[in-house]
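1. next comes the sequence, and after it the predicted model I'd like to discuss.
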There are 2 protein chains.
Amino acid sequence: MTFPRKDLFDLPAGVIYLDGNSLGPLPATAAARAAQVVSHEWGQGLIRGWNDHGWMDLPERLGDRIAPIIGAPAGSVVVGDTLTIKVYQALSAALSLRPDRRVVLSDSGNFPADLYIAEGLLGLLGETYELRIVAPEDVAGAITDDIAAVLLTEVDYRTGRRHDMADLTARTHAAGAVSIWDLAHSAGAVPLDLEGCGAEFAVGCSYKFLNGGPGAPAFIYARPDLVEGLRPTLAGWLGHAAPFAFEQGYRPAPSVSRLRVGTPPVVQMSLLEEALKIWEGVDMTALRARAIDLSEIFITEVAARCPDLTLASPREAARRGSQVSFSHPQGYAAMQALIDRGVIGDFRAPDIMRFGITPLYLDEGDIRAAVDVLEEVMTNRLWDDPKYLERKAVT
Amino acid sequence: MTFPRKDLFDLPAGVIYLDGNSLGPLPATAAARAAQVVSHEWGQGLIRGWNDHGWMDLPERLGDRIAPIIGAPAGSVVVGDTLTIKVYQALSAALSLRPDRRVVLSDSGNFPADLYIAEGLLGLLGETYELRIVAPEDVAGAITDDIAAVLLTEVDYRTGRRHDMADLTARTHAAGAVSIWDLAHSAGAVPLDLEGCGAEFAVGCSYKFLNGGPGAPAFIYARPDLVEGLRPTLAGWLGHAAPFAFEQGYRPAPSVSRLRVGTPPVVQMSLLEEALKIWEGVDMTALRARAIDLSEIFITEVAARCPDLTLASPREAARRGSQVSFSHPQGYAAMQALIDRGVIGDFRAPDIMRFGITPLYLDEGDIRAAVDVLEEVMTNRLWDDPKYLERKAVT
């Protein structure tokens, strides 16, 4: 596949979409698939859909489509729930692998929800547990041998700063700890090699670069050699070895399916399946190279034409994910002014304007046109308008 | 509303659907709504959908639609995740309310997944905790003052046997314990009075009698006076008081929203919203009366015409939910033969044939026609065919 492939998406006219890092656009085949699932599979099939339309296997089937995108072997990934739940599962499993240790290490660049869920789990486990949070640049030096698990998001949601996954995983293992990677801003954005780096667990979401749709389910990876020893804390019906035997006691499935929990959201998963079909033809290395080219153009042009904006992302491409962020004291209002003019990025508190670089449906012309609008907004202070200053519920 | 209202559903021709207790049928407006959400709200709106189309409030908005169906006040119910996750949240919250007690009481008629998830949670909390399982008829006598929480499913998924919620909740409170009700087979099936019975927590799913579609999300109720004191174990991003402030520490929302976890499945929730609109016009007492009438016809006719079938449900209507079950050694094959002839019920191991009685879209003619086919299958042993004996993945 050469990029872009705008034909694979239904993109609205008059929009340059630089927010695929938050919610990917609609794949061209997804609406028809949704209609088929709703009207035919559910409407006509009713309960028979579970057998006749393969609903029950969706979590594993989608996991096997995500696996090559994140450098994982077939059978090691399962889809379901939300990212928060998957972090909880991974962290509780990780802690059970190191029962003699009590510290979880994370960083202040992590997505806050990952810290919240860790806080919640450790609170349940008792006061002897500690969530230790350091600055992103201090993580490498903080992986000491009292640590049970290192829980990190590879690509920072605000700045796009990218951790060195191979290096930090190796350090984690050298300290005898378990490595958990949140790939929310990585999957579909950068080449990944989970198998190569040897991390025990990874989680991620599918509505960003993977284009699964609003509220598309999350995924979890467990290193294959660990699966058999994992006793899931969220001991769910569909993670049971024989769900339809209705045994009174929990007996986990022999595969990564034990990390399934409840009934899969069939419609949402079917939309995701359509989105994942696109990735069959994507060479992640080529995609990444193109994303870097586009990002360099964007950064260079903005630096030249929008002097009020400060690059908040690392300048070095290898240290960035597939987003470029700028800070500006009026970043929120400036982003509203941009969106009003058809250039859609988003804002993250306190002052970050984020732009996702997604070569699947963006080309150089889009990037240059976006900078034109950005320059117009910043030079003419178009953000200085009451209608842009009022905060919406979701930023 | 008078029953049935077949016009409110897209029911396939040639089918009598007696499995609405497992997966409700497609509401007539749902396909159009799905198309609108996918093509317009997501496709055209992209990330703007979160603000422009009210996606972020779906969990509370749907909760407020479910509340009157289960006898709960507005603002006490929130929708999301799966039933398994909601049981986990309710049980961990319940245990935190009784930190000095260590026993969870449930019964062998509970849906096994509720027992699995309790087992998983108690395993995490440590060996001092006990999951005590008694026979359904022994629950009342087993509510002793060492019990922290009583976790029961009101209507048995196999037999339809219905617990006396008011009585058992009162006994639970008399013993100083916390009451959690799983309403999976109750919501939309029988009149409920959560507020009146005073139970602390309730959970349920929306794809059965509520017709939300395959994998529709679950719901959780927390008694309003308790909400402010609840520290959620699943401390999720969207249960935070200010999700978009991206604070490093968790601070729960001041309402039942603190029981939200991650990003809501927007498409699935929008389908559910269409389904819930139907319930605005439903008088649960009238619906229940009609369900009992239809059930009585069904039971009486089957007793007269299918002597090989043994009623597995209580004979007394007040002690049943809205399903009628029969046992037969070849129940699985007999159900396949029925389905093959357009009468759709389902099977639960080891020998239970289940039939959901849903007056929203079933009338007396349907019930009598279903018995005609059932009689034909049983009298002529039509189940004795290799094609019906082979088990499918999902029973």
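-> All right, it came through fine.
2. contacts, neighbours, all on C-alpha from now
-> Noted.
3. which residues in the stretch 1-150 of chain A form helices?
-> Assigned by DSSP state H, counting those that start in this stretch, the stretch 1-150 of chain A shows helices spanning A:30-35, A:49-52, A:58-66, A:83-97, A:112-125, A:139-142.
4. which stretch among those comes nearest A:P252?
-> Of all the helices of the stretch 1-150 of chain A, helix A:83-97 sits nearest to A:P252, with 13.4 Å by CA to CA.
5. quick one, strands of the stretch 201-350 of chain A?
-> A:201-205, A:218-222, A:310-311, A:323-327, A:343-344, A:346-348 (DSSP state E, counting those that start in this stretch).
6. and the longest helix along chain A with strand A:323-327, angle?
-> Identified as the longest helix of chain A according to DSSP state H is helix A:284-305. Note on geometry: by axes from the mean of the first three to the mean of the last three CA atoms, to 10 degrees, helix A:284-305 and strand A:323-327 are set 20 degrees apart in direction.
7. what residues does helix A:284-305 touch?
-> With contact meaning CA atoms under 8 Å, 6 or more residues apart in numbering or on different chains, helix A:284-305 is reached by A:3, A:69, A:188-191, A:309, A:311, A:317, A:322-324, A:357-360, A:363-364, A:367-368, A:371, A:375.
8. pull the CA atoms of that helix into CSV?
-> This file holds the C-alpha atoms of helix A:284-305, laid out as CSV (Å, rounded to 0.1, in the frame of the first residue of the first chain):
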residue,chain,number,x,y,z
MET,A,284,4.3,-0.2,9.5
THR,A,285,7.9,0.8,8.6
ALA,A,286,6.8,2.6,5.5
LEU,A,287,3.9,4.2,7.3
ARG,A,288,6.2,5.4,10.0
ALA,A,289,8.6,6.9,7.5
ARG,A,290,5.8,8.7,5.8
ALA,A,291,4.5,10.0,9.2
ILE,A,292,8.0,11.3,10.0
ASP,A,293,8.2,13.1,6.6
LEU,A,294,4.9,14.8,7.2
SER,A,295,5.7,15.7,10.8
GLU,A,296,9.0,17.3,9.7
ILE,A,297,7.2,19.4,7.2
PHE,A,298,4.6,20.4,9.8
ILE,A,299,7.2,21.3,12.5
THR,A,300,9.4,23.2,10.1
GLU,A,301,6.6,25.2,8.6
VAL,A,302,5.0,26.0,11.9
ALA,A,303,8.4,27.1,13.3
ALA,A,304,8.8,29.4,10.4
ARG,A,305,5.3,30.8,10.2
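9. where does pLDDT dip in the stretch 201-350 of chain A?
-> Within the stretch 201-350 of chain A, the set of residues satisfying pLDDT under 70 is empty.
10. return the residues of it in contact with chain B.
-> A:213-217, A:232-237, A:244-250, A:261-268, A:348-350 (CA under 8 Å from any CA of the partner chain).
11. can I see the domain layout of chain A?
-> A:6-26+A:283-389, A:54-280 (automatic domain parsing).
12. so how far is the first one off the chain centroid?
-> Looking back up the chat, that one is domain A:6-26+A:283-389. Remark: domain A:6-26+A:283-389 is offset 18 Å from the chain centroid, using CA atoms, centre = their mean, to the nearest Å.
13. tell me how far the ends of that domain are from each other?
-> One end of domain A:6-26+A:283-389 sits 33 Å from the other (CA to CA, to the nearest Å).
14. do stretch A:96-105 and chain B meet at all?
-> No - Stretch A:96-105 does not reach chain B (CA under 8 Å from any CA); its nearest approach is 9.1 Å.
15. so who does the residue nearest to A:R223 when sequence neighbours are not counted touch?
-> Nearest residue to A:R223 in three dimensions, chain neighbours excluded: A:E200, at 5.0 Å (CA to CA, 6 or more residues apart in numbering or on different chains). Neighbour list for A:E200: A:A94, A:V178, A:S179, A:I180, A:A222, A:R223, A:L226 [criterion: CA under 8 Å, 6+ apart].
16. kindly reformat the helices of the stretch 1-150 of chain A as a markdown table containing mean pLDDT.
-> A markdown table is the format used below for the helices of the stretch 1-150 of chain A (pLDDT from 0 to 100):
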| stretch | mean pLDDT |
| --- | --- |
| helix A:30-35 | 98 |
| helix A:49-52 | 96 |
| helix A:58-66 | 98 |
| helix A:83-97 | 98 |
| helix A:112-125 | 96 |
| helix A:139-142 | 98 |
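17. including mean neighbour count, could these go into CSV?
-> Formatted as CSV, the helices of the stretch 1-150 of chain A follow (neighbours: other CA atoms under 10 Å in any protein chain shown):
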stretch, mean neighbour count
helix A:30-35, 20
helix A:49-52, 18
helix A:58-66, 23
helix A:83-97, 24
helix A:112-125, 22
helix A:139-142, 16
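18. still on that earlier bit, mind checking which of the contacts of helix A:284-305 are in helices?
-> Members of these lying in helices (criterion: DSSP H): A:E364, A:I367, A:R368, A:V371, A:E375.
19. not counting its neighbours along the chain, what's nearest A:K6?
-> A:Y361 (4.6 Å).
20. was I right about the one you found contacting A:V15?
-> No - counting by CA atoms under 8 Å, A:V15 is not a contact partner of A:Y361; they are 11.7 Å apart.
21. between those two, point out the one with more neighbours.
-> A:Y361 (21 against 16; other CA atoms under 10 Å in any protein chain shown).
22. distance check, that one against A:E273.
-> With distances taken as CA to CA, A:Y361 is found 18 Å from A:E273.
23. so is stretch A:20-32 next to chain B?
-> Yes - Stretch A:20-32 lies within reach of chain B by CA under 8 Å from any CA, at A:S22, A:L23, A:G24, A:P25, A:L26, A:A30, A:A31.
24. dump the residue contacts of A:V78.
-> A:V78 sits next to A:59-64, A:219-221, A:256-257, A:259-260 when contact means CA under 8 Å, 6+ apart.
25. look up the closest residue to it, ignoring the ones flanking it.
-> Closest to A:V78 by CA to CA, 6+ apart is A:G63, at 4.4 Å.
26. returning to that earlier point: just the buried positions in the longest helix of chain A, please.
-> Using 16 or more other CA atoms under 10 Å in any protein chain shown as the test for burial, helix A:284-305 gives A:284, A:286-288, A:290-292, A:294-299, A:301-302, A:305.
27. my understanding was that A:T153 contacts A:L183; is that so?
-> Yes - contact criterion CA under 8 Å: A:T153 and A:L183 qualify, at 6.2 Å.
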